[in-house]
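# Here is the input, now give the coordinates:
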Amino acid sequence: MAPTEANLLRQFPLLLPQNRAKTVYEGFISAQGRDFHLKILLPEDLQLKNARLLCSWQLKTILNEYRQIVQQRMQHAPDLMSFMMELKMILEVALKNRQEVLVYVDTCFSTITLRAEDASGREHLITVKLKGKYPAESPDCFVDFPVPFSVSWTPQSSLVAIHRQFLAALAALKAFWDVMDEIDEKTWVLEPQKPTRSATARRIALGNNASINIEVDPRHPTMLPECCFLGADHVVKPLGFKLSRNMHLWDPEYSLLQNLKDVLEIDFPARTVLEKSDLTMDCGICYAYQLDGAIPDQVCNNPQCGQPFHQMCLYEWLRGLPTSRQSFNVIFGECPYCSKPITLKMSGRKP
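Have a look, this model is predicted:
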């Protein structure tokens, strides 16, 4: 065995010649503890500049951004041993750089999770499930994006192309997440308690056992959102009037939170302020804040009371009163705290 062939076998024991002329080599190249399948076809004169490199799709995906370098080294390498050493070095660099992007790969290399940061430094993940006929068949993708945003691709798309589309979608959603993060940081968000990146709604505490529910359009995050006030009439009606009266002041150039402050003429109290106050958000019947994941969303309209209740708790309380009555989808009764009239609208069905 020639010295070059011996060195090749020692350095790459999983790459073996497939014919007597040694014009076909097939096997594996190892890097970062992983093995990648490849095949090298040499011309009869064994010159690397006319050789062909056939890679598995996993190896092809990883080397996609380095393909010009690989071709260049193949053109100038004096022999197969030299080229393989250079290819391994390129593969090591490619894998090291991909560690920041590649989060998870299953043993079958059919489920891959990639990460990326948007321009505000938020981390996002995309899970790609490759089908049996990939790349002829498009993979499935799972991302925590609000509707209607998604990541789409056509057959033959590489993981690099998918990741590039992922980054483009993140850029398009930056303003939306900036808006939602400001709300989460500077107000007391009652629901959802642990919002996902796809969540477009927030229920924000206003004080006096009142809150506002907003639904933000992720395509136009600084435009006026859908608003719904929850609380006693004497608290929320003035806010509704202010919203209608000051709607013309809404300026998309400002953040959504700043616009809400301007049109409602209020400062949103922080959670720490509300928790230290004498006000309570706990249900006046079960004395808990959460009940089966729900928080109090009903309130006594008596200005001297304003006690909040869970819808289910208030429904059971009113249903058990001998003096209560029901008309269609509304139950009438008395507040368990102040005995003043209180109503519960059931939206056509029982809680």
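# what pLDDT does residue 316 get?
As predicted, residue 316 sits at a pLDDT of 90.
# For residue 96, see how far away it is.
Applying C-beta to C-beta, to the nearest Å, the value for residue 316 to residue 96 is 61 Å. The way it works is simple: take the backbone N, C-alpha and C, and place the C-beta from them, glycine included.
# show me where pLDDT drops low in the stretch 51-200 of the chain?
Scanning the stretch 51-200 of the chain for pLDDT under 70 picks out the ranges 98-100, 151-157.
# Show me the strands in it, by range?
Under the criterion DSSP state E, counting those that start in this stretch, the stretch 51-200 of the chain carries strands at the ranges 52-55, 102-105, 111-117, 123-129, 140-143, 189-191.
# And these: which comes nearest residue 177?
Closest to residue 177 of those, according to C-beta to C-beta: strand 123-129, at 9.2 Å.
# the longest helix in the protein is where?
Secondary structure of the chain per DSSP state H: the longest helix is helix 159-186.
# before we move on, the earlier item: can you list the strands of the stretch 51-200 of the chain in CSV and add distance to residue 199 and mean neighbour count?
CSV is the format used below for those (distance: least, C-beta to C-beta, whole Å; neighbours: other C-beta atoms under 10 Å):
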stretch, distance to residue 199, mean neighbour count
strand 52-55, 41, 15
strand 102-105, 22, 14
strand 111-117, 20, 17
strand 123-129, 14, 17
strand 140-143, 14, 14
strand 189-191, 9, 19
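# Redo those as CSV? Include distance to residue 294.
As requested, the strands of the stretch 51-200 of the chain are arranged in CSV below (distance: least, C-beta to C-beta, whole Å):
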stretch, distance to residue 294
strand 52-55, 54
strand 102-105, 34
strand 111-117, 33
strand 123-129, 29
strand 140-143, 28
strand 189-191, 9
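# Which one of these lies nearest to residue 40?
With C-beta to C-beta as the yardstick, what comes closest out of the strands of the stretch 51-200 of the chain is strand 52-55 (5.8 Å).
# Pull the residues that contact the closest one.
36, 37, 38, 39, 40, 41, 63, 70, 74 (C-beta atoms under 8 Å, 6 or more residues apart in numbering).
# ok, 6 Å please
Outside of strand 52-55, the residues within contact range by C-beta atoms under 6 Å, 6 or more residues apart in numbering are 38, 39, 40, 41.
# helix, strand or coil for the third one?
Following DSSP: H, G, I helix; E, B strand; the rest coil, the label given to residue 40 is strand.
# How about it, nearest residue that isn't a chain neighbour?
Of all residues beyond its chain neighbours, the one nearest residue 40 is residue 25 (4.5 Å), with distances taken as C-beta to C-beta, 6 or more residues apart in numbering.
# what residue is smack in the middle of the protein?
residue 144 (2.7 Å; C-alpha atoms, centre = their mean).
# Just give the nearest non-adjacent residue to that one, would you?
Spatial nearest neighbour of residue 144, excluding adjacent residues (C-beta to C-beta, 6+ apart): residue 197 at 4.3 Å.
# Go ahead and confirm that neighbour touches residue 146.
No - using C-beta atoms under 6 Å, residue 197 makes no contact with residue 146, being 7.6 Å away.
# ok so, going back, elements contacting the longest helix of the chain?
strand 111-117, helix 256-264 (3 or more C-beta pairs under 6 Å, 6 or more residues apart in numbering; DSSP states H and E).
# and the longest one, which residues are buried?
Within helix 256-264, the residues that qualify as buried by neighbour count (16 or more other C-beta atoms under 10 Å) are 256, 257, 259, 260, 263, 264.
# from the residues you listed, which is closest to residue 230?
residue 264 (14.1 Å).
# Please report how far the closest one lies from residue 212.
Distance, residue 264 to residue 212, by C-beta to C-beta: 8 Å.
# now residue 236
Counting by C-beta to C-beta, the separation of residue 236 from residue 212 is 8 Å.
# Need the overlap of contacts for those two.
Shared contacts of residue 236 and residue 212 (C-beta under 6 Å, 6+ apart): residue 229.
# Centre of the chain to the longest helix of the chain, how far?
Centroid separation for helix 159-186 versus its chain: 8 Å, with C-alpha atoms, centre = their mean, to the nearest Å.
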